[in-house]
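>>> need the 3D shape of this:
(one chain, ligands or ions: 2)
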Amino acid sequence: MIIVCPNCYTRYKLDRKSIPGPQFQARCGRCSHIFTAYKPVQVEQISFVDLELAKQKKADNTIIAISNQKGGVAKTTTCLNLGLSLSLHDKKVLLVDFDVQANLTISLGVTPNKSLFDLIAGKAGDLAQLIKPTRYEGLFLLPSSKSLVLLNKKFFGAANFEYILKDRLVAIRDQFDYILIDTPPSIELFTLNALTAAGLVVIPTQCDYLSTHGIDQILKLIELVRSKTNPVLQARVLITMFDSQSTASRLISKKIKRLYGEITFETLIEMDDRVREAQIMSMPVIHYNKQSTAGRQYLKLAKEIFA
Ligand SMILES: Nc1ncnc2c1ncn2[C@@H]1O[C@H](COP(=O)(O)OP(=O)(O)O)[C@@H](O)[C@H]1O
Ligand SMILES: [Mg+2]
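Numbering: from 1, shown residues only. Ligands and ions are numbered 1, 2, ... in the order given. Now for the predicted structure:
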């Protein structure tokens, strides 16, 4: 099992058998931070863990993780607006807020209450009860709340911990045309679970100096996930917050297309102040202003996803 120091993020591999109780005090050898560590709960038996079998299956591109270990690149904005765009094309869409910051939940004006952790702890009935309808027809939300942090604390490092979300989604998979998963800007339980459950990962990328470095990093992580838990996972880069007036933005988007052209969406999302205004109103930008550039680009992106 693995424990992670919450102060400096150093990871320690421990023998599960040597830990007597469900939790214990640990002292980080690197930064001396003392913290409570949890012995991960054993995840129940999972039938689809067979990698050879998984390789023979086609990627389910209707389960989409939105991921990039960088923050502020429009992951949450993309999850919300792409999800809404898909629903406006008459698809039934579930958004999964898999970030403890609950930005997606708050953006939809939903008060964080219970999360997937409460479900697993037996405090939230079944998954269908946890899923909330939103103000928008065809758009549903599996919300995040503060308790979600315990999912990482208690399960990270347990056997098969990467499959927790996939395992739970099986029960409701048939009820939705698309499932979109918003992830945090870190590589812990949430991102690894999202990348294991998804058939496609969309990597939102801003046109800044280190963006290609960030893409390289996440592609390496995706390669690791392919070898460990999800051999058919596909990846696509989405350029976000593109500023056509900025030379730097134009140069970097060219570089991204040159290096990752084959996996980059043709549609790019432009910098648009209405996105921020819409956020203040707890609305997706398409509903806030039908003429917004970014809104129309997200609708176009939905068409590219269908194709
Ligand atoms: N196309 C856009 N134009 C202008 N601002 C945007 C755009 N997309 C996202 N933003 C803003 O950028 C900030 C970060 O976006 P967010 O989706 O929260 O990123 P992440 O989830 O990757 O941290 C937010 O304030 C959001 O309103
Ligand atoms: Mg976010």
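>>> can you show me the strands along the stretch 51-200 of the chain?
For the stretch 51-200 of the chain, the strands defined by DSSP state E, counting those that start in this stretch cover 63-66, 93-97, 132-133, 139-142, 178-182, 200-206.
>>> format those strands as a markdown table; extra columns: mean pLDDT.
Converted to a markdown table, the strands of the stretch 51-200 of the chain look like this (pLDDT from 0 to 100):
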| stretch | mean pLDDT |
| --- | --- |
| strand 63-66 | 98 |
| strand 93-97 | 98 |
| strand 132-133 | 94 |
| strand 139-142 | 97 |
| strand 178-182 | 98 |
| strand 200-206 | 97 |
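>>> and these as a markdown table, adding distance to residue 266?
(Each C-beta comes from the backbone N, C-alpha and C, glycine too.) Formatted as a markdown table, the strands of the stretch 51-200 of the chain follow (distance: least, C-beta to C-beta, whole Å):
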| stretch | distance to residue 266 |
| --- | --- |
| strand 63-66 | 17 |
| strand 93-97 | 22 |
| strand 132-133 | 33 |
| strand 139-142 | 25 |
| strand 178-182 | 20 |
| strand 200-206 | 13 |
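>>> possible to save these as a markdown table with distance to residue 280 and mean neighbour count?
Below are these laid out as a markdown table (distance: least, C-beta to C-beta, whole Å; neighbours: other C-beta atoms under 10 Å):
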| stretch | distance to residue 280 | mean neighbour count |
| --- | --- | --- |
| strand 63-66 | 21 | 28 |
| strand 93-97 | 19 | 28 |
| strand 132-133 | 22 | 14 |
| strand 139-142 | 19 | 22 |
| strand 178-182 | 19 | 27 |
| strand 200-206 | 21 | 25 |
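>>> turn the ones you listed into JSON lines, including distance to ligand 2.
Below are the strands of the stretch 51-200 of the chain laid out as JSON lines (distance: least, C-beta to the ion, whole Å):
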{"stretch": "strand 63-66", "distance to ligand 2": "9"}
{"stretch": "strand 93-97", "distance to ligand 2": "9"}
{"stretch": "strand 132-133", "distance to ligand 2": "19"}
{"stretch": "strand 139-142", "distance to ligand 2": "14"}
{"stretch": "strand 178-182", "distance to ligand 2": "6"}
{"stretch": "strand 200-206", "distance to ligand 2": "10"}
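>>> out of these, nearest to residue 76?
strand 178-182 (5.4 Å; C-beta to C-beta).
>>> name the helix or strand of the protein that has the lowest mean pLDDT.
Between all helices and strands in the chain, the lowest mean by mean pLDDT, DSSP states H and E belongs to helix 51-56, at a mean of 72.
>>> next, the buried residues of that one.
Within helix 51-56, the residues scored as buried using 16 or more other C-beta atoms under 10 Å are residue 54.
>>> what sits up against it?
Contact with helix 51-56 is made by 48, 229, 230, 231, 232, as judged by C-beta atoms under 8 Å, 6 or more residues apart in numbering.
>>> out of these, which touch ligand 2?
With C-beta under 5 Å from the ion as the criterion, the contacts of helix 51-56 include none near ligand 2.
>>> buried members of these into ChimeraX, please.
This is the ChimeraX syntax for the buried subset of those, where burial follows 16+ other C-beta under 10 Å:
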select :229,230,231
